[in-house]
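Engineer: Output the structure for:
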Amino acid sequence: MACRLSCDLPVDLRGEVLRDQVVVVGLESFQVWLGVAFGLEEFLDKDEKRTLYVPALVKSLNNPDETIRANAAAFLRRNDPEGAARQLRAKVKLRQALESPDLFKDAIVIAPVVYIAFCLINLQSGPDLLPLFPLLGIFAGWLITEMSQSLRSIGAVTNRPALLRAVEALPALALALVCALTLFRAVTFRLTDWTLRHQDTQLKVISDLIGPNDKIYVHGAVEILVLLNRPNLNPYIMWDHGKARYIAAKKFGGSTDAMVDAIEAERPKLVAVSRLRQVPERVALERWLEQHYETLPITGYYAYLRKQ
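Structural biologist: Residues are numbered from 1 along each chain as shown. Down below sits the predicted model:
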């Protein structure tokens with residue numbers, strides 16, 4: 001019966017080596033060590049064993065069947081002792097590394113480092129820091145536990161039973177404090193003024209001032225467009241991080257003043273601006289607002305109505 005074992009060496013079990021072609025007959029579930037049991041390695045020279053046979057045996061070291069793994073290791077030692085030793089050492093090191101309790105510590109550090117780097121580049125407001133809260137909790141718990149263990153190794157603490165018990169209870173006390181604060185905040189929490197209903201009330205001042213054909217221009221505070229269900233005068237809702245410079249170069253001959261003049265040509269009745277701190281070109285926009293608009297008394301927004 002001819003077969004192709006998982007070592008990909010074309011042979012038949014009668015002993016004839018088929019060097020010119022690969023005969024593919026038999027079941028895929030045939031294992032390499034079964035071929036060795038039939039004495040397959042007797043028909044191979046040393047180089048052929050190393051290049052054709054040993055790699056397949058090494059692959060069988062990862063088989064979920066413990067018997068197959070054991071036989072593969074035994075056949076490896078018989079056919080290539082030095083290579084088997086190297087492969088077995090590497091496999092043991094890999095398994096130990098995968099079973100190590102420290103395996104994922106780097107991932108816990110990488111996540112906050114990457115996010116903090118992102119915040120340093122583009123931190124827009126306080127809510128951007130919310131993803132760091134779970135990581136702060138993890139590190140705080142680790143720090144308190146490590147502090148407790150370190151204090152217990154100090155002679156001045158171990159010699160005082162009462163102090164030692166307090167140090168041992170430090171993680172539990174910290175957890176109880178967190179639970180108490182969480183419960184207190186849950187019981188005493190009340191909605192503040194800054195809610196969707198409050199925004200609707202504030203923006204009603206704007207909606208009462210503009211008619212269906214009036215135009216508005218918004219920079220940054222795009223929720224105004226959503227709540228009023230109105231389109232912006234142009235697509236340029238954010239000028240930060242070089243956007244204004246790029247738009248001016250592509251559309252207005254490199255002139256920010258020309259951008260502002262294009263807005264003025266549309267004579268928007270209402271203008272609302274925010275997030276201008278990182279916009280060097282804001283000077284031209286602010287100068288235009290000062291000349292043609294007056295401030296509206298709306299909490300939470302910088303809104304301007306066109307002068308009569």
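Engineer: show me the contacts for residue 145.
Structural biologist: Contacts here follow CB atoms under 8 Å, 6 or more residues apart in numbering; on that basis residue 145 touches residue 171. Where you see a C-beta, it was placed from the backbone N, CA and C, and this is true even at glycine.
Engineer: my bad, should have said residue 180
Structural biologist: Residues touching residue 180, when contacts are defined by CB under 8 Å, 6+ apart, are absent altogether.
Engineer: Report pLDDT for it.
Structural biologist: Residue 180 carries a pLDDT value of 93.
Engineer: One more: residue 304?
Structural biologist: Per-residue pLDDT puts residue 304 at 92.
Engineer: next one: residue 209
Structural biologist: Predicted confidence (pLDDT) at residue 209: the value is 87.
Engineer: Touching, it and residue 305? I think so.
Structural biologist: Yes - taking CB atoms under 8 Å as the contact criterion, residue 209 and residue 305 are neighbours in contact, 6.2 Å apart.
Engineer: Which neighbours do these two have in common?
Structural biologist: Shared contacts of residue 209 and residue 305, defined by CB under 8 Å, 6+ apart, comprise 269, 270, 296.
Engineer: those strands in the stretch 151-300 of the chain, which residues are they?
Structural biologist: Listed from the start of the chain, the stretch 151-300 of the chain has strands (DSSP state E, counting those that start in this stretch) covering 216-219, 270-273, 293-295.
Engineer: tell me the mean pLDDT over the second one?
Structural biologist: Per-region confidence: strand 270-273 scores 92 on mean pLDDT.
Engineer: What residues does residue 221 make contact with?
Structural biologist: Applying CB under 8 Å, 6+ apart, the residues contacting residue 221 are 272, 273, 274, 275, 301, 302.
Engineer: give me that answer again for 6 Å
Structural biologist: Residue 221 makes contact with 272, 274, 301 under the criterion CB atoms under 6 Å, 6 or more residues apart in numbering.
Engineer: Next, the contact list for residue 237, please.
Structural biologist: Neighbouring residues of residue 237 by CB under 6 Å, 6+ apart: residue 222.
Engineer: so where's the stretch 151-300 of the chain uncertain?
Structural biologist: Per-residue confidence of the stretch 151-300 of the chain (counting by pLDDT under 70) places the weak regions at 192-194.
Engineer: which one of the strands of the stretch 151-300 of the chain lies closest to residue 199?
Structural biologist: Closest to residue 199 of the strands of the stretch 151-300 of the chain, according to CB to CB: strand 270-273, at 12.4 Å.
Engineer: For that closest one, name the packing helices and strands.
Structural biologist: Packing partners of strand 270-273 (3 or more CB pairs under 6 Å, 6 or more residues apart in numbering; DSSP states H and E): strand 216-219, strand 302-306.
Engineer: For it, list the C-alpha coordinates in PDB.
Structural biologist: Output of strand 270-273 as PDB, limited to C-alpha atoms (Å, rounded to 0.1, in the frame of the first residue of the first chain):
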ATOM      1  CA  LEU A 270     -25.900  83.300  13.000                       C
ATOM      2  CA  VAL A 271     -22.400  82.200  13.800                       C
ATOM      3  CA  ALA A 272     -21.300  79.800  16.500                       C
ATOM      4  CA  VAL A 273     -17.600  79.000  17.100                       C
END
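Engineer: Nice, that's everything, thank you.
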